[in-house]
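Chemist: Output the structure for:
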Amino acid sequence: MQSFDMQTSRAERRARQPRPGRGTGGGTGAVLDSALALRDRDILQRVRAAIRHRQVMLVFQPVVQARGHNAIAFHEAMLRVMDDTGRIVPAREFIFEVEELEEGRILDCLALEQGLAELLRTPELRLSINMSARSIGYRRWMRVLDKGLAADPTAAERLILEITEGSAMLLPELVIGFMSDLHRRGITFAMDDFGAGQTVLRHFKRFSFDILKIDGQVIRGIDRDPDNQVLLRAIVALAEQFDMFTVAESVETRAEAELATAAGVSCLQGYYHGAPVAQPTWRRQATGASGV
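Modeler: The predicted structure follows:
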């Protein structure tokens with residue numbers, strides 16, 4: 001395992017390289033590049049500090065059945081990173097910088113560890129947890145999974161692992177084998193953010209995802225977008241052909257929810273049905289607390 005200090009972000013590497021058509025003597029472009037590199041280094045240092053001090057937590061968002069009177073199908077657990085003041089660092093500020101680094105693998109481990117602990121504490125809970133295809137083969141991640149499944153024989157059947165479309169397409173052969181192994185242990189898989197990337201259909205046929213989560217860029221404003229309505233129906237038909245449940249992500253309005261339901265989507269997720277919260281209902285019931 002490499003030391004954190006020996007690893008650099010993509011932004012840092014780019015900042016060290018001369019840009020085509022530019023000198024290295026300054027100018028507006030050089031100043032901007034330098035500012036961006038300093039910002040990215042600061043973000044990476046904050047993520048590293050959060051990992052060292054385990055300043056991370058899960059928040060939970062419900063995924064509801066489209067035709068089930070808002071009955072909850074499962075919850076998605078999302079990892080949040082906090083700085084030394086307790087402020088949540090928005091994922092968009094660091095996620096692309098850590099994706100290729102060991103920090104990204106460790107964040108996946110922490111999300112899985114906390115998610116499995118939640119499943120152990122709450123026997124009726126079904127939970128999806130995000131991971132990168134780059135964490136496949138990372139020994140610490142697999143140790144966390146094995147330990148969690150050994151602690152609770154029912155955890156595997158209540159665990160959903162979400163892998164983004166883009167991540168799956170980086171390493172399709174590895175993902176296919178990994179999914180096959182864990183399916184035999186009872187784990188469910190969801191392809192996240194479908195529609196945002198470029199899935200090659202020959203790989204899609206070989207993947208064995210159980211759930212297809214349709215990216216928010218397809219869903220947002222779909223009641224006013226005839227092209228996306230056609231696209232959504234095509235995605236639903238594709239999923240049905242491969243016996244996959246569908247989840248419409250980023251549903252924020254009643255009109256979006258109704259149109260997605262009419263198109264045949266299985267489940268809905270988004271602020272219209274509930275924001276991600278750190279204290280979900282089952283925790284509040286267990287502690288007798290009120291509020292979020």
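
Chemist: List the contacts of the helix or strand containing residue 60.
Modeler: If you go by DSSP states H and E, residue 60 is part of strand 56-65. Applying C-beta atoms under 8 Å, 6 or more residues apart in numbering, the contact partners of strand 56-65 are 50, 70-82, 107, 110-111, 114-115, 118, 127-128, 247, 266-269, 273-278, 280. C-beta coordinates here come from the backbone N, C-alpha and C atoms, glycine included.

Chemist: Can you list the buried residues in it?
Modeler: 56-64 (16 or more other C-beta atoms under 10 Å).

Chemist: Spatially, which two of these are the most separated?
Modeler: Among the buried residues of strand 56-65, the pair separated by the greatest distance (C-beta to C-beta) is 56 and 64, at 26.4 Å.

Chemist: Show me the shaky parts of this protein.
Modeler: The chain contains residues with pLDDT under 70 at 1-27, 31-40, 198-200, 288-292.

Chemist: circling back to that earlier point, helices or strands next to whichever helix or strand comes after the strand holding residue 60 in the packing?
Modeler: As assigned by DSSP H and E, the chain's next helix or strand after strand 56-65 is strand 72-82. In terms of contacts (3 or more C-beta pairs under 8 Å, 6 or more residues apart in numbering; DSSP states H and E), strand 72-82 is packed against helix 28-52, strand 56-65, strand 88-89, helix 102-121, strand 127-130.

Chemist: Any idea how far apart the tips of stretch 216-234 sit?
Modeler: 16 Å (C-alpha to C-alpha, to the nearest Å).

Chemist: ok, and what's touching it?
Modeler: For stretch 216-234, contacts defined as C-beta under 8 Å, 6+ apart pick out 195-196, 214, 235, 248-253, 255-256, 258-260, 263-265, 270.

Chemist: hang on, residue 172 packs against residue 201?
Modeler: No. Assessed by C-beta atoms under 8 Å, residue 172 is found out of contact with residue 201, at 11.6 Å.

Chemist: Which one's more surrounded, these two?
Modeler: residue 172 (17 against 8; other C-beta atoms under 10 Å).

Chemist: Same list, the buried residues of strand 56-65, but as JSON lines with distance to residue 146 please.
Modeler: Converted to JSON lines, those look like this (distance: C-beta to C-beta, whole Å):
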{"residue": "56", "distance to residue 146": "21"}
{"residue": "57", "distance to residue 146": "23"}
{"residue": "58", "distance to residue 146": "20"}
{"residue": "59", "distance to residue 146": "26"}
{"residue": "60", "distance to residue 146": "24"}
{"residue": "61", "distance to residue 146": "27"}
{"residue": "62", "distance to residue 146": "28"}
{"residue": "63", "distance to residue 146": "26"}
{"residue": "64", "distance to residue 146": "32"}
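
Chemist: Pick out whichever of those sits closest to residue 285.
Modeler: Of all the buried residues of strand 56-65, residue 285 sits closest to residue 60, with 13.6 Å by C-beta to C-beta.

Chemist: partners of the closest one in the sheet?
Modeler: Counting by DSSP bridges, residue 60 is bridged to residue 77, residue 277.

Chemist: gap between it and residue 72?
Modeler: 10 Å (C-beta to C-beta, to the nearest Å).

Chemist: Check residue 146 too.
Modeler: 28 Å.

Chemist: cool, and residue 101?
Modeler: Counting by C-beta to C-beta - residue 101 and residue 72 are separated by 35 Å.

Chemist: Assumed residue 193 was part of a strand.
Modeler: Yes. Applying DSSP: H, G, I helix; E, B strand; the rest coil, one finds residue 193 inside a strand.

Chemist: That one touches residue 269, doesn't it?
Modeler: No. Shown here, residue 193 and residue 269 do not form a contact pair, counting by C-beta under 8 Å, at 11.9 Å.

Chemist: Tell me which of these two has more neighbours.
Modeler: The residue with more neighbours, out of residue 193 and residue 269, is residue 269; 25 against 20, by other C-beta under 10 Å.

Chemist: bridging residues for the more buried one?
Modeler: According to DSSP bridges, beta-bridge pairing links residue 269 with residue 63.

Chemist: Pull the contacting residues for it.
Modeler: 61-64, 76, 213, 247-251.

Chemist: can we see that at 10 Å?
Modeler: 61-64, 73-76, 128, 213-214, 216, 219, 247-251 (C-beta atoms under 10 Å, 6 or more residues apart in numbering).

Chemist: What of residue 166?
Modeler: Contacts of residue 166 by C-beta under 10 Å, 6+ apart are 99, 132-133, 192-194, 196-199.

Chemist: Which one of those residues is nearest to residue 185?
Modeler: residue 133 (18.1 Å).
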